[in-house]
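# model this:
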Amino acid sequence: MSGSPIVDDEGRAFGKHARVVEVMTDRYGRIFGRVYVGDTDVNRELVAQGFAWVYRKYSNDAELLELQAQAKEKGLGLWADPNPIPPWGVAPGAAGVVL
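Below you'll find the predicted structure:
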């Protein structure tokens, strides 16, 4: 992914190596997985801090759902907005247009 502002020529994101543990592949061949940097579960941390949604269509992970509920209750990250719009609710290429 050379030339990416996030991933360098060595495959490091933000200067650190990450690994993806595949959880499933959807009907389009896209891989869904957990991302780790060292021992840190990046998915878990993003959800816990309110910086990511749990997409229930592809995840029923009880821990992530609980962390999302806690972040929402505390008003963290995207949950600071009283009416956050999920990324799957926005038309591609049309910022602010809700499907």
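
# quick one: the strands in this protein?
19-25, 31-37, 40-41 (DSSP state E).

# list the buried ones in the second one?
It refers to strand 31-37. Buried residues in strand 31-37, counted by 16 or more other Cβ atoms under 10 Å: 35-36. (C-beta placed from N, C-alpha, C; glycine too.)

# average pLDDT across that strand?
Mean pLDDT, computed over strand 31-37, is 87.

# Which positions in the longest helix anywhere in the chain come out as buried?
The helix that spans the most residues within the chain, counting by DSSP state H, is helix 62-74. For helix 62-74, the neighbour count (16+ other Cβ under 10 Å) marks 64, 67-68, 71 as buried.

# which residue is nearest the centroid of the protein?
Against the mean C-alpha coordinate of the chain, by Cα atoms, centre = their mean, the closest residue is Ala52 at 4.6 Å.

# Setting aside sequence neighbours, what's the nearest residue to that residue?
Excluding its sequence neighbours, the residue lying closest to Ala52 (Cβ to Cβ, 6 or more residues apart in numbering) is Leu46, at 3.7 Å.
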